[in-house]
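Trainee: My questions are about this predicted structure, shown below with the sequence.
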Amino acid sequence: MEFTEDHAMFRKTVRDVVEREINPHVDEWEAAGIFPAHDLFAKLGALGLLGLEYDEAYGGQGADHSYTVILGEELGRIHCGGVPMAISVQTDMATPSLARFGSEGLKQRYLVPAIRGEAVAAIAVTEPDAGSDVAALRTRAVRDGDDWIINGTKLYITNGTQADWLCLLARTSDEGGSRGISQIIVPTDTPGFRVSRSLKKMGMWSSDTAELSFDDVRVPVANTIGEEGRGFQQQMAQFQNERMIANYLAVGSMELAIERTVAYLRERVVFGRPLAESQHIQFKLAELVAELDVVRHYNYACADAYLRGEDTTRFATIAKLVVPQLARRIADTCLQFHGGIGYMDETWASRYFRDSRLWSIGGGADEVMLRTIARMDGIGS
């Protein structure tokens, strides 16, 4: 992947807004267990950062995917994991299906304000008994005239307590498995919808995560994204965007973690010399830097394939397995090299250790990625 002067200027724009509008507030947002999504998203929307690849007719920038790579890497340099994850839900998890398959009316009503940052979006797929096995979901939407009546529960929903609308995946027919599932836009001010509870997590504290309940929630059938009964297939395509942005975020966060650890090791004196002079520490970090460079360029190969219009399922799946595993090792090493202070709750090393653990679970657990790769290569049935 080749980056131009325009890319460099864009990277600087994103890094500046991260340093100016986000990082100074991270400690406060982490302590509060939430960040002001509407306020922050409005600022990001004004800079055109929430709809990079979307059509300019809806407020997007009409840019190519290379700019999303840069956005992800720079958002990964935010001093916590929760805020960048919440932003990526807005840009690459809740809105891609709407942009690709939504009607003109749905795009005007829901995509345009999401790109502007005037509305917060969430993706509502996971349920108590349907996480990695998406086809097992039980939330149902039954047709009543020109409306859907929705009943069910969604769990672990990022942006769930602040969302203005949901991209909901629900069963719309009695066909089993992946058949008869649709994507439906559900405004959160609709009667019968409620946030059952806000969930406390091991990490990602500044990102609000919720359990959502639907009790005879009535929305127009016209809120269906794309073709009725094709929601599973549309969601699988949307998952590829989710996995790619997650991999870009992780690379940015790993880069920052190593930078911050090296800076600490240069200052920390043990037995009369800085820890950074230890050959063991140098070699360990050098190994991690080398591996980080490999996955960064694997991401770039994936992005290049996406730019060529190719199916990136294999790229995204392998990266989604390998990149978070590397992030976990980097987080563990950075914490170890910080010693006792790294174990303290208020330090960035402790926060990074907690936050990075989610990437091997959310958006497709390691085991699901392995199962997918095995099937693609004819290793398993």
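Mentor: Done, it's in.
Trainee: Which residue ranges of the stretch 51-200 of the chain form strands?
Mentor: 121-124, 140-144, 147-158, 165-171, 181-187, 193-198 (DSSP state E, counting those that start in this stretch).
Trainee: which one of those is the most hemmed in?
Mentor: Ranked by mean neighbour count, the strands of the stretch 51-200 of the chain are led by strand 121-124 with a mean of 29 (mean count of other C-beta atoms under 10 Å). Where you see a C-beta, it was placed from the backbone N, CA and C, and this is true even at glycine.
Trainee: follow-up on the earlier one: which one, of the strands of the stretch 51-200 of the chain, ends up nearest to G131?
Mentor: With distances scored as C-beta to C-beta, the stretch of the strands of the stretch 51-200 of the chain nearest to G131 is strand 147-158 (7.7 Å).
Trainee: for I185, which residues make a bridge with it?
Mentor: C167 (DSSP bridges).
Trainee: circling back: Throw the strands of the stretch 51-200 of the chain into JSON lines and include mean pLDDT and distance to E291, thanks.
Mentor: JSON lines is the format used below for the strands of the stretch 51-200 of the chain (pLDDT from 0 to 100; distance: least, C-beta to C-beta, whole Å):
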{"stretch": "strand 121-124", "mean pLDDT": "97", "distance to E291": "30"}
{"stretch": "strand 140-144", "mean pLDDT": "97", "distance to E291": "45"}
{"stretch": "strand 147-158", "mean pLDDT": "97", "distance to E291": "28"}
{"stretch": "strand 165-171", "mean pLDDT": "97", "distance to E291": "34"}
{"stretch": "strand 181-187", "mean pLDDT": "97", "distance to E291": "37"}
{"stretch": "strand 193-198", "mean pLDDT": "97", "distance to E291": "36"}
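Trainee: Reformat these as CSV; add distance to V322.
Mentor: Compiled in CSV, the strands of the stretch 51-200 of the chain are given as follows (distance: least, C-beta to C-beta, whole Å):
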stretch, distance to V322
strand 121-124, 24
strand 140-144, 37
strand 147-158, 23
strand 165-171, 27
strand 181-187, 29
strand 193-198, 32
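Trainee: Out of the ones you listed, which is closest to V26?
Mentor: Comparison of the strands of the stretch 51-200 of the chain against V26 by C-beta to C-beta identifies strand 147-158 as nearest, at 16.9 Å.
Trainee: hang on, the earlier thing: looking at the strands of the stretch 51-200 of the chain, which is nearest to V262?
Mentor: Nearest to V262, of all these, is strand 147-158, at 31.3 Å by C-beta to C-beta.
Trainee: ok, that closest one: who's next to it in the sheet?
Mentor: Strand 147-158 is paired, per DSSP bridges, with strand 140-144 (antiparallel), strand 209-220 (antiparallel).
Trainee: Render the CA-only coordinates of it in CSV, please.
Mentor: Output of strand 147-158 as CSV, limited to C-alpha atoms (Å, rounded to 0.1, in the frame of the first residue of the first chain):
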residue,chain,number,x,y,z
ASP,A,147,-45.2,-2.9,10.8
TRP,A,148,-42.8,-5.3,12.5
ILE,A,149,-43.5,-6.2,16.1
ILE,A,150,-40.2,-7.1,17.8
ASN,A,151,-39.7,-9.1,20.9
GLY,A,152,-36.4,-10.3,22.4
THR,A,153,-33.2,-9.4,24.1
LYS,A,154,-29.8,-8.3,22.9
LEU,A,155,-26.6,-8.5,25.1
TYR,A,156,-23.2,-6.9,25.2
ILE,A,157,-24.3,-4.0,22.9
THR,A,158,-21.6,-1.3,22.5
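Trainee: Okay, angle between it and strand 181-187 too, please.
Mentor: Strand 147-158 and strand 181-187 meet at an angle of 80 degrees, taking axes from the mean of the first three to the mean of the last three C-alpha atoms, to 10 degrees as the criterion.
Trainee: Next, the angle strand 193-198 makes with strand 147-158.
Mentor: Using the same axes, to 10 degrees: strand 147-158 against strand 193-198 is 20 degrees.
Trainee: Sweet, I'm off.
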